[in-house]
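>>> attaching a predicted model along with its sequence, questions to come.
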Amino acid sequence: MCSEVVQIWNYTALLGGRMKAIVFQEGSTWGLDEVPQPEPGPGETLLRVLLTGVCGTDEHLLHGGFIAKFPLIPGHEMVCEVLRHGPSTQGMALGTRVVVDNTIHCGECGPCRDGRPLFCEQFVSLGCNAPGAFAEYVVVRTSKLYDIGSLPLDVAVLTEPLSCAMHGVDVLGLSPGSNVLVFGAGPTGLLLSQLLKMAGAASVTVAAPTQSKLDLALLHGANNIVKLERNDLAEAIDSLREIAPEGFDAVIEATGKVTVLEAAVQLARTGGTILVYGLAGENDVAEIKPYEIFSRELTIKGSFAQAFCIGRALFTLQSGSINTEGIITQTVGLNGFATALKNLHDPEHIKTVVGQL
C-alpha cells in the first residue's frame, strides 16, 4: 500500500550500531551527529557510502525548501558499496560498487496509475524527505541499485545529476538542428549543454558569470560562451542577440534566478521554448508578460526531478559520451561539510563531493 512506502525508511530494526551522519534540523541548523546505524529489511540492502555529491538542492533542503522532512540525513547523489542484504533478499554480490536511484513511487496513487510517477502522492526521495547518504551507511531498496562496473567513482557520482539533466532534455523535446541557450555553467549547465548536443542541438551557447566555468563549457563542446554580469544582464542580452538575432529555439534557465528567467523569455524566438530547470525559492516571483507568451506562442516547461533515468545516465557515462573532467573541484570528508556548503557560493568551485574511501 502507499502508506508502506514511507514506513520502510523508518529506522526501526537496528543492531545497536552507531554511525556518523550529517543531520538537518528545523530552523536551518545542522550538525555532524552520531546516529543509529540502519539495518536492511526484506527487499533492502545496507550500503557503505563511498562518495556523495553536494548539490544546491541540499542547501534548499537545509532551509526547509523543496520537500524537506526533518530531521533529515541529506545526500541524494551517491556511490556506495554493497555490504549486506536484508532477510530473504537476493541482490548483487557483496562488495559491488553501485549508484542508487534515490526515488520511490508507490505505484498505486492516481498519478502513478496515470503513468506520471514523478508526481506520486507518496513520493519518497532519499536525501530529500528520507534518510540519504551524507552518512557512513544507508539502506536502499535492492531494486534501486545499479552496478557501476569499472567506472571511476568520481565519474559515477555524477550519475544522479546527469539523470536529472537527462529528464530535463526529455521534457524539452528538442528538434534536430536547434539553436539552444543554456543559462548556467555549474554541474547542471555543463552536463545539460553536452546532452543537448546529443539530443539534436546544432549549436549550444552557455551564458554564466564565471569565466573559468565558461572556459570549461567551451572545452566540453559549447559552441559559444557569453559572460554575464551578476547584477546587470543588459550587456549579455545584447551579446546573445548577436548570436541569435531571431532568438533561440530553446532557452534553458539552470540558475534558479528570477531575473535570468525573465531574460530567457526575451531571448526565445517566436514559437520557442523556455525550460525552467533551476530551483528557485518557492515564493520567488518572475515578471513575465502574458501577452508576450500569447502573441509569440512561446512554450514554458518545467523540469522537476528525474524518474527512471538513472540507468540511461549510467550507460551514458560508461560509454564516455559525456566529459566530466574538471566538474569535481574538491573532495571533503563528513567533517568538511561546512566547506562543501560554502563552496556552493564560491564562483570558482563547480562540484564538491563528500568522500569516505
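The structure has been received and is ready for your questions.
>>> please count neighbours and contacts with C-alpha atoms only from this point.
Fine.
>>> need the strands for the stretch 251-357 of the chain, in chain order.
Along the stretch 251-357 of the chain, the segments classed as strands by DSSP state E, counting those that start in this stretch run 268-276, 299-302, 328-332, 351-355.
>>> pLDDT averaged over the top helix by length along the chain, what's the number?
Secondary structure of the chain per DSSP state H: the longest helix is helix 159-172. Taken as a whole, helix 159-172 has a mean pLDDT of 97.
>>> now that helix against strand 268-276, angle please.
Comparing the axes of helix 159-172 and strand 268-276 via axes from the mean of the first three to the mean of the last three C-alpha atoms, to 10 degrees yields an angle of 140 degrees.
>>> the strands of the stretch 251-357 of the chain into a markdown table, with extra columns for distance to residue 92?
Listed next are the strands of the stretch 251-357 of the chain as a markdown table, based on distance: least, C-alpha to C-alpha, whole Å:
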| stretch | distance to residue 92 |
| --- | --- |
| strand 268-276 | 38 |
| strand 299-302 | 36 |
| strand 328-332 | 28 |
| strand 351-355 | 22 |
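>>> circling back to that earlier point, immediately after the longest helix of the chain, which helix or strand?
Per DSSP states H and E, helix 159-172 leads on to strand 178-183 as the next helix or strand towards the C-terminus.
>>> who touches that following strand?
189, 192-193, 200-208, 244, 248-255, 260 (C-alpha atoms under 8 Å, 6 or more residues apart in numbering).
>>> over to stretch 130-140?
Contacts for stretch 130-140 (C-alpha under 8 Å, 6+ apart): 9, 19-22, 37-40, 44-49, 52, 69, 72-78, 100, 124, 126-127, 334, 354, 356.
>>> ok now it, how far from the chain's centre?
Mean-position distance between stretch 130-140 and its chain equals 17 Å (C-alpha atoms, centre = their mean, to the nearest Å).
>>> and stretch 137-144, average pLDDT?
pLDDT averaged over stretch 137-144 gives 97.
>>> what's the least confident helix or strand in the chain, going by average pLDDT?
Taking mean pLDDT, DSSP states H and E as the measure, the chain has helix 2-7 as its least confident helix or strand, at a mean of 34.
>>> how far off centre is the helix or strand that that helix is followed by?
Going down the chain from helix 2-7, the next helix or strand is strand 18-25, by DSSP H and E. The chain centre lies 22 Å from the centre of strand 18-25; the measure is C-alpha atoms, centre = their mean.
>>> check stretch 33-42 too.
25 Å.
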